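[1] Sequence and predicted model, in that order:
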Amino acid sequence: MNESGIRITRHPYEEPYHLNLHIEASNGRVSGVLEYYCGAEDLKKLGTQLADLTGSHGAEVIYELGSEQPSDRFAFFLGLRVKPVDSSGHYVLHIRLNNNEEPPSREVTEFSIKADVADLNRLGNLLVGFGRLQHRVLEWHVQNGTLT
């Protein structure tokens, strides 16, 4: 992925309750991938929070799945944090992906994508639609997005 964005591919698993997803994300310079599992309601909940984002002062959205603490024994960690960078509706989507493997298989990626409120609202609407489990791929870029 050479431009800023996120691509999530759904692989049928124990649907409609548990989802097996593969996320690829990039800010155009740094990119990362992670296979993870989540509840089907996670997409709707996160999507609704992003779709309802208004740009009001201090509004943040935080989604974390898994843990990076070895004692918690999670297979992965996915962290998404959306927070404002100014009062003009400019936000940053901070992404952290960790496969929690031991070296040499360890993969940890952390970076941010700049976006406006409308861009994050679009991502939220895509996540809600994707959560209906009628599409296999969600593709979001700062200026557009599709479900296929």
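    Received the coordinates, thanks.
[2] who are the neighbours in contact with Glu60?
    By C-beta atoms under 8 Å, 6 or more residues apart in numbering, the contact set of Glu60 is 81-84. Heads up, the C-betas are built off the backbone N, CA and C, glycines and all.
[3] repeat that for 10 Å
    The neighbours of Glu60, taking C-beta atoms under 10 Å, 6 or more residues apart in numbering as the test, are 49, 53, 81-84, 91.
[4] Check Asn125 too.
    Taking C-beta under 10 Å, 6+ apart, one finds 47-48, 50-51, 140, 145, 147 in contact with Asn125.
[5] Helix or strand next in line after whatever helix or strand it lives in, which one?
    Asn125 is part of helix 117-130 when elements are defined by DSSP states H and E. Downstream of helix 117-130, the first helix or strand assigned by DSSP H and E is strand 137-141.
[6] And that following strand, what does it pack against?
    strand 5-11, strand 18-26, strand 108-116, helix 117-130, strand 144-147 (3 or more C-beta pairs under 10 Å, 6 or more residues apart in numbering; DSSP states H and E).
[7] Now render these as JSON lines, adding distance to Tyr36 and mean pLDDT.
    As requested, these are exported to JSON lines (distance: least, C-beta to C-beta, whole Å; pLDDT from 0 to 100):
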{"stretch": "strand 5-11", "distance to Tyr36": "10", "mean pLDDT": "98"}
{"stretch": "strand 18-26", "distance to Tyr36": "6", "mean pLDDT": "97"}
{"stretch": "strand 108-116", "distance to Tyr36": "13", "mean pLDDT": "97"}
{"stretch": "helix 117-130", "distance to Tyr36": "14", "mean pLDDT": "97"}
{"stretch": "strand 144-147", "distance to Tyr36": "19", "mean pLDDT": "97"}
